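Q: the following comprises the amino acid sequence and a computationally predicted model.
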Amino acid sequence: MLSACADPKSIEGLTWAFCYLTSGKHLAFYWSFGTVLLLLAITAPAALLFGFGGATAARSPFAPARIFGKTYIAMVRGVPDIVFFLFFVIALDQGIEYIKYLAVCPPGTPSPWQGLEFRVCQEAKVPLGTSSEFWHNAYGFMLAVVTFAIVFGAFTANVLFGAMQAVPRAQLETAEAYGMSHGQVFRRILVPQMWVYALPGLSNLWMILIKATPLLFLLGVEDIVYYARELGGSKTQAYEYPHGDWRLIYFLGLMVFYLVMTRLSEVVLTRLSARLSKGQATAAGEAMRKAAA
């Protein structure tokens, strides 16, 4: 902290504003934007991986795999996101601590389920009570990433399943007629062709994922929504920087951030769609062919 900011109550004007915007909590607020971007960077490929696995399982000729894939898609899509988020985070947290309880708690330790409460010995806590705040935040962030990936993976699986079904059957049959195995047809014909059909749905899911990041606040992660509410609320003289209710300003800033994110995403996705549609027998590909003629 600069020496000029040592006594916030004795400064005013631009100096007050500068000191206020560079305070410790504001620096954490700025870092929290990186938390959101990191969540998107990790969750998007993870959800795509879950989705591809779910869609492939749903198309499998092996009945148990097919049932599992379709159940995964239907179960997650049929439950409101907020309910699944809150339930799964608790269930995953308790599941991890229960496995650790079996490994490290002394023999004779009472069962962790005591009535409606879940308690394990101190050695089985994840993270440990003596762990730093960084590990507590990292653990909460990990739970959030896994939950986001599973939820959005189910929606992605539904999109990819539809895209696989949209690939013309004649192309697959032609490949089989040339002697390709089922696996070769899947890898060389079906998967490369399906992306052009999947991209519109995946684009919508990406936009929804961006707008769903404020759910981090409900999962206990100190994200941009948490800090906007914390910093924007009225502060009395008991605080270093007293001010009125500025939540409208902070949430307006968040709105601008999300609008910029979605606009940049639209530009990138539009270019990607044009590239994938080139030469394809789709409405977009046909429009490009006519425009070039």
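A: Noted; the coordinates are in hand.
Q: what sits closest to I210 if chain neighbours are left out?
A: Closest residue to I210 apart from its sequence neighbours, by CB to CB, 6 or more residues apart in numbering: M261 at 5.4 Å. C-betas here are computed from N, CA, C, even on glycine.
Q: work out for me the element the one you found sits within.
A: Remark: M261 resides in helix 247-277, with elements defined by DSSP states H and E.
Q: quick check: mean pLDDT of that helix?
A: Helix 247-277 carries an average pLDDT of 89.
Q: list the helices and strands it packs on?
A: In terms of contacts (3 or more CB pairs under 8 Å, 6 or more residues apart in numbering; DSSP states H and E), helix 247-277 is packed against helix 191-212, helix 224-232, helix 283-292.
Q: now do it: distance to the chain's middle.
A: Relative to the chain's own centre, helix 247-277 is displaced by 16 Å; criterion: CA atoms, centre = their mean, to the nearest Å.
Q: angle of that helix against helix 224-232?
A: Here helix 247-277 runs at an angle of 160 degrees relative to helix 224-232 (axes from the mean of the first three to the mean of the last three CA atoms, to 10 degrees).
Q: what's the burial count for R66?
A: Neighbourhood size, R66 [other CB atoms under 10 Å]: 14.
Q: could you double-check that it lies in contact with T56?
A: No: the criterion here is CB atoms under 8 Å, and R66 misses it with T56 at 10.0 Å.
Q: now do M255 against L216, distance only.
A: Distance of M255 to L216, given as CB to CB, to the nearest Å: 17 Å.
Q: higher neighbour count, the two?
A: L216 (24 against 10).
Q: which residues touch the more buried one?
A: L216 makes contact with 35-36, 39, 144, 223, 225-226, according to CB atoms under 8 Å, 6 or more residues apart in numbering.
Q: now T35, nearest residue through space, not along the chain?
A: In this structure, T35 finds its nearest non-sequential neighbour in D223, 5.6 Å apart by CB to CB, 6+ apart.
Q: if you could redo that for G54, that was the one I meant.
A: That would be A157: by CB to CB, 6+ apart, it lies 3.0 Å from G54.
Q: the one you found: what's it in contact with?
A: So A157 contacts 50-55, 58, 69, 72-73 (CB under 8 Å, 6+ apart).
Q: which of these fall within helices?
A: Secondary structure assignment by DSSP state H places 50-55, 58, 69, 72-73 of these in helices.
Q: which stretches of the chain have low pLDDT?
A: Counting by pLDDT under 70, the ranges of the chain that qualify are 1-4, 277-293.
Q: okay, buried residues for stretch 52-65 please.
A: Across stretch 52-65, burial judged by 16 or more other CB atoms under 10 Å covers 52-59.
Q: pull stretch 251-269 out as CSV, backbone CA atoms only.
A: Provided in CSV are the C-alpha atoms of stretch 251-269 (Å, rounded to 0.1, in the frame of the first residue of the first chain):
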residue,chain,number,x,y,z
PHE,A,251,-23.0,-5.2,-11.2
LEU,A,252,-23.2,-2.8,-14.2
GLY,A,253,-19.5,-3.5,-14.6
LEU,A,254,-20.1,-7.2,-14.5
MET,A,255,-22.8,-6.8,-17.1
VAL,A,256,-20.3,-5.1,-19.4
PHE,A,257,-17.8,-7.8,-18.8
TYR,A,258,-20.2,-10.6,-19.8
LEU,A,259,-21.4,-8.6,-22.9
VAL,A,260,-17.8,-8.3,-24.1
MET,A,261,-17.2,-12.0,-23.5
THR,A,262,-20.3,-13.0,-25.4
ARG,A,263,-19.5,-10.6,-28.3
LEU,A,264,-15.9,-11.9,-28.7
SER,A,265,-17.3,-15.4,-28.6
GLU,A,266,-19.8,-14.6,-31.3
VAL,A,267,-17.0,-13.3,-33.6
VAL,A,268,-14.8,-16.4,-33.0
LEU,A,269,-17.7,-18.9,-33.4
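Q: who touches that stretch?
A: With contacts defined as CB under 8 Å, 6+ apart, stretch 251-269 is touched by 33, 199, 203, 206-207, 210-211, 224-225, 228, 232.
Q: those: which two are farthest apart?
A: Spatially, the most separated pair among those is L199 and G232, at 37.8 Å (CB to CB).
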